[in-house]
Each structure stands twice: as structure tokens, then as C-alpha cells.
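Sharing a sequence plus its predicted fold:
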Amino acid sequence: GVMVGDDVYPLPFKSMLDVIDAAGFGGFKRDWLDDALRQAPLKANRVTLLSPIPNPPTVICIGKNYQEHIKEVDTQMPGIAKDAVPPVPIIFTKS
């Protein structure tokens, strides 16, 4: 669905995988959003939010990309400062 403030407007898809399949290379269709916003919304506190892509085979991550995260990470990587955002993104995967 589409969340606007405290309202959730349902979309006709079970997950983002269905959206990707339906959209193909054309991307998200504006008509889907327009149609959703014409429906009666659900209140966000009555909706269970789930992972947009269930059981992803791989998750692509960016590390140390904002100041609060830097404080949480103990980096032992050569050339990467322990107290600053790195000059190039640290990209890694989780499976």
C-alpha cells in the first residue's frame, strides 16, 4: 500500500515482487497510485507492515553512511576513519 500520514491506501499487490513483475521495465505506474488514493484509506495503526520483498535472496547494504551509524560501527578497515563518513560508500551484502 501507499502510506500518507496515518493513512494507508491499499494497492492491488501482495508484495513489491508483484509490483516489479507487473511494471516490467516501465517502472511504477502513476495510475496505480491515483487509483489507490481514490479508495477509502485504512488507519496505519490497524495495518501490519511487512517486508516489501519477502525472503530476499540477498540484501545490499551501505555502511557508515550517516553520522549516527558511524558511532555504532567499530571499523577495522584500512583507510577508513573510525569517526567520519568514508569518502566512498562501503557496500556489502547479507544473505
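Perfect, I can see it now. Numbering: from 1, shown residues only.

The helix or strand bottoming out on mean pLDDT in the chain: what's the following helix or strand?
Using mean pLDDT, DSSP states H and E, helix 67-72 stands out as the lowest-scoring helix or strand of the chain, at a mean of 69. Using DSSP states H and E, the next helix or strand after helix 67-72 towards the C-terminus is strand 90-94.

residues in contact with Ile62?
Ile62 makes contact with 89-91, according to CB atoms under 8 Å, 6 or more residues apart in numbering. All C-beta atoms are positioned from the backbone trio N, CA, C, and that covers glycine.

Need the pLDDT of Val4.
Per-residue pLDDT puts Val4 at 92.

In terms of helices and strands, where is Ala22?
In the assignment (DSSP H and E), Ala22 maps to helix 16-23.

Identify the residues contacting that helix?
11, 13, 28-29, 32, 52-54.

Kindly recompute the last result at 6 Å.
Residues outside helix 16-23 that contact it (CB atoms under 6 Å, 6 or more residues apart in numbering): 13, 52-53.

Just the C-alpha atoms of that helix, please, in CSV.
This file holds the C-alpha atoms of helix 16-23, laid out as CSV (Å, rounded to 0.1, in the frame of the first residue of the first chain):
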residue,chain,number,x,y,z
MET,A,16,6.9,-5.4,-4.2
LEU,A,17,7.8,-8.5,-6.2
ASP,A,18,4.3,-8.4,-7.7
VAL,A,19,4.7,-4.7,-8.4
ILE,A,20,8.1,-5.3,-10.1
ASP,A,21,6.5,-8.2,-12.2
ALA,A,22,3.6,-6.0,-13.2
ALA,A,23,5.6,-3.0,-14.0
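
still on that earlier bit, closest one of the contacts of helix 16-23 to Cys61?
Of all the contacts of helix 16-23, Ile53 has the smallest distance to Cys61: 14.3 Å, by CB to CB.
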